[in-house]
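[1] Here's my sequence, what's the structure:
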Amino acid sequence: MSAFNRFVEHLFNTAIQRQVKAQLSVLENDASFSIGAYSLTDSERDRYTADREELLFQSLDAWRLNPLARRIVELTSEYVVGSGISVSCRHAPTARFLDQFWNHHLNRMPIRVFELCDELTRSGNLFMLLSTDESGMTYLRAIPAVDILKIEARENDIEQPVAFFPKSSLQTLDPEPYPAYDPLHDDLTTPVMLQYAINRPAGGQWGESDLSPLLRWLSRYTAWLEDRARLNRYRNAFLYIVQAKFNSEAQRKQRQQTLNSHPPKPGSILVTDDTENWKVINPHLHSAEANEDGLALKKMIACGAGIPLHFLAEPESSTRTTAEAAGGPTFRRFQQRQEYFLWMLTDILRVVIERRARLDPSIDPHAIIELSGTDISARDNSELASAAADILSVAMELRDRELIDDAEFLRLVYRFTGESVNVPDLLARGRKTKQQDGLLPR
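    Here you go, the predicted structure:
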């Protein structure tokens, strides 16, 4: 080591050691201890726990305070749920029990479906707690996603939850976890939990709100709009400047006090001589680009929400043709969400009848449950009806000439009506009905 290096080490070594000790001696607290840390049961594809909770709180606040966020959530429920969800089952005893569950005053599913759809859109997660009484009736409650601390899954499959751990509270310092529903080891006396998530990445356990990519832009749009409102409030405000020749400072102050005590009223006439000159100062808002700025922010919000601008009360000089064209992708998105929502309700009803079937032998746990929602777009129905009428005549002519069989005939007709059906089952049911009526030999 050279003499220069020894001199530098001797000069700065003490200061460096002092800084290192100071950095290592920083006390960790609740806010800094968990930064960048994952729980052993968490997936690396999910957000950090603190970030996820903050996002849930921000989404809820945006829904409460921001009209655009509230409208986006309402639009999803209006299209996904529409006028309601209808439930049907061909097994009569099971259908009667499903009707009792659906309309029970503690379940009130005709109204609760709107709340569930709102919560699914708002938080991206639905934690459904199912409790069953001694008669086999199940009661449904939604637990806020922010109240769930972590999800424990099987070691070999992250998509099979085992337990859901709630947060501790002042009343319950060490709460018991909610067991996930397991049809092989189900105990009717124990409430079970089901989880449903949207916008969940592959390999993740938690979904995300539809509002999560919009929060930043909703905040910017709100700040921009608030600034414009404040500026426009003072747009008509003005100040008078009176210029005159005064002999002394006392004379100037006296004239100012006189004008302040008797300010000119709007529309009044002021007569002055050549010794006084009145001027008016008022703010000049150069707002030619203000509309474009607000529209650009609103476009970003509409793009993230997957809805056209005219859904957010922004015509943007759109014609009816362009508005209908812009609604196509939006309706597809709502249709996909409706399919998921109907599947979710079907899965819940499946658990409900399986629990009832353990006490009531008349219930068929394997009965087919069919749920249907409101049509997303009435215009699609008219177009499908027109297409079905056109293809029906062509398909009948092909069938009469024996160029296609019955299965292909039904496939073409239902294809142009926009319905997905099991053609072999339809043919089998038709033959069975004719045999019962004696039209075909058995």
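[2] Residue 93 reaches residue 364, doesn't it?
    Yes - contact criterion CB atoms under 8 Å: residue 93 and residue 364 qualify, at 7.4 Å. C-beta: built from backbone N, CA, C; applies to glycine.
[3] Lowest mean pLDDT among the helices and strands, pick that one out for the protein.
    helix 30-33 (a mean of 50; mean pLDDT, DSSP states H and E).
[4] Next SSE downstream of it?
    helix 49-65 (DSSP states H and E).
[5] Can you show me the CA trace of that next one as PDB?
    The C-alpha trace of helix 49-65 is given here as PDB (Å, rounded to 0.1, in the frame of the first residue of the first chain):
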ATOM      1  CA  THR A  49     -49.600  -7.000   0.800                       C
ATOM      2  CA  ALA A  50     -49.200  -3.400   1.700                       C
ATOM      3  CA  ASP A  51     -49.600  -2.300  -2.000                       C
ATOM      4  CA  ARG A  52     -52.700  -4.500  -2.500                       C
ATOM      5  CA  GLU A  53     -54.400  -3.100   0.600                       C
ATOM      6  CA  GLU A  54     -53.600   0.500  -0.400                       C
ATOM      7  CA  LEU A  55     -55.000  -0.200  -3.800                       C
ATOM      8  CA  LEU A  56     -58.200  -1.600  -2.300                       C
ATOM      9  CA  PHE A  57     -58.600   1.500  -0.100                       C
ATOM     10  CA  GLN A  58     -58.000   3.800  -3.100                       C
ATOM     11  CA  SER A  59     -60.500   2.000  -5.300                       C
ATOM     12  CA  LEU A  60     -63.100   2.200  -2.500                       C
ATOM     13  CA  ASP A  61     -62.400   6.000  -2.000                       C
ATOM     14  CA  ALA A  62     -62.600   6.600  -5.800                       C
ATOM     15  CA  TRP A  63     -65.900   4.800  -6.000                       C
ATOM     16  CA  ARG A  64     -67.200   6.900  -3.100                       C
ATOM     17  CA  LEU A  65     -65.900  10.300  -4.200                       C
END
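[6] what comes into contact with that helix?
    With CB atoms under 8 Å, 6 or more residues apart in numbering as the test, helix 49-65 has contacts from 34-35, 39, 42, 46-47, 69-70, 73, 122-123, 145-146, 149-150, 206, 208-209, 211-212, 214-215, 218.
[7] Among those residues, which ones are in helices?
    Applying DSSP state H to the contacts of helix 49-65, the entries found in helices are 69-70, 73, 122-123, 215, 218.
[8] Now tabulate these in a markdown table and tack on pLDDT and distance to residue 372.
    Formatted as a markdown table, the ones in helices among the contacts of helix 49-65 follow (pLDDT from 0 to 100; distance: CB to CB, whole Å):
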| residue | pLDDT | distance to residue 372 |
| --- | --- | --- |
| 69 | 90 | 29 |
| 70 | 91 | 28 |
| 73 | 93 | 23 |
| 122 | 95 | 25 |
| 123 | 95 | 26 |
| 215 | 92 | 34 |
| 218 | 88 | 34 |
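[9] Show the buried residues in those.
    Buried subset of the ones in helices among the contacts of helix 49-65 (neighbour count, 16 or more other CB atoms under 10 Å): 69, 73, 122-123, 215, 218.
[10] What is the nearest of those residues to residue 357?
    Relative to residue 357, the closest of these is residue 123; by CB to CB it sits at 31.9 Å.
[11] Please name the nearest non-neighbouring residue to that closest one.
    residue 145 (4.4 Å; CB to CB, 6 or more residues apart in numbering).
[12] Pretty sure the one you found sits against residue 120.
    No - using CB under 8 Å, residue 145 is not in contact with residue 120, being 9.8 Å away.
[13] Tell me which of these two has more neighbours.
    residue 120 (27 against 24; other CB atoms under 10 Å).
[14] how does the protein divide into domains?
    34-212+307-376, 378-437 (automatic domain parsing).
[15] any idea which of those is most buried?
    domain 34-212+307-376 (a mean of 16; mean count of other CB atoms under 10 Å).
[16] circling back to that earlier point, now the ones in helices among the contacts of helix 49-65 in TSV, with distance to residue 407?
    Output for the ones in helices among the contacts of helix 49-65, formatted as TSV (distance: CB to CB, whole Å):
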residue	distance to residue 407
69	49
70	49
73	44
122	45
123	45
215	51
218	52
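[17] now, the most widely separated pair of the residues you listed?
    Top of the distance list for those (CB to CB): 123 and 218, 16.1 Å.
[18] got a list of what residue 97 touches?
    353, 356, 360, 363.
[19] now the end-to-end length of stretch 82-96.
    End-to-end span of stretch 82-96 (CA to CA, to the nearest Å): 24 Å.
[20] what does stretch 73-86 give?
    End to end - CA to CA - stretch 73-86 spans 22 Å.
[21] what do you get for stretch 98-108?
    First residue to last in stretch 98-108 (CA to CA) measures 12 Å.
[22] same question, stretch 158-177
    17 Å.
[23] which secondary structure elements does the strand or helix carrying residue 339 contact?
    If you go by DSSP H and E, residue 339 is part of helix 320-357. Here helix 320-357 touches helix 67-80, helix 92-103, helix 109-123, strand 125-132, strand 138-143, strand 192-197, strand 369-372, going by 3 or more CB pairs under 8 Å, 6 or more residues apart in numbering; DSSP states H and E.
[24] From residue 245, how far out is residue 277?
    Residue 277 sits 10 Å away from residue 245, going by CB to CB, to the nearest Å.
[25] correction: residue 404
    104 Å.
[26] which residues does the closest residue to residue 120 other than its chain neighbours contact?
    Spatial nearest neighbour of residue 120, excluding adjacent residues (CB to CB, 6+ apart): residue 126 at 5.2 Å. Contacts for residue 126 (CB under 8 Å, 6+ apart) come out as 116, 119-120, 142, 145, 195-197, 344.
[27] Can you say which two of the residues you listed are spatially most distant?
    Most distant of the contacts of residue 126, by CB to CB, are 145 and 344, 14.8 Å apart.
[28] Surely residue 224 is within a helix?
    Yes - looking at residue 224 with DSSP: H, G, I helix; E, B strand; the rest coil, it is inside a helix.
[29] what's the pLDDT at it?
    Looking at residue 224, its pLDDT reads 81.
[30] now the buried ones among the ones in helices among the contacts of helix 49-65 as JSON lines including distance to residue 264?
    JSON lines is the format used below for those (distance: CB to CB, whole Å):
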{"residue": "69", "distance to residue 264": "46"}
{"residue": "73", "distance to residue 264": "51"}
{"residue": "122", "distance to residue 264": "54"}
{"residue": "123", "distance to residue 264": "58"}
{"residue": "215", "distance to residue 264": "48"}
{"residue": "218", "distance to residue 264": "44"}
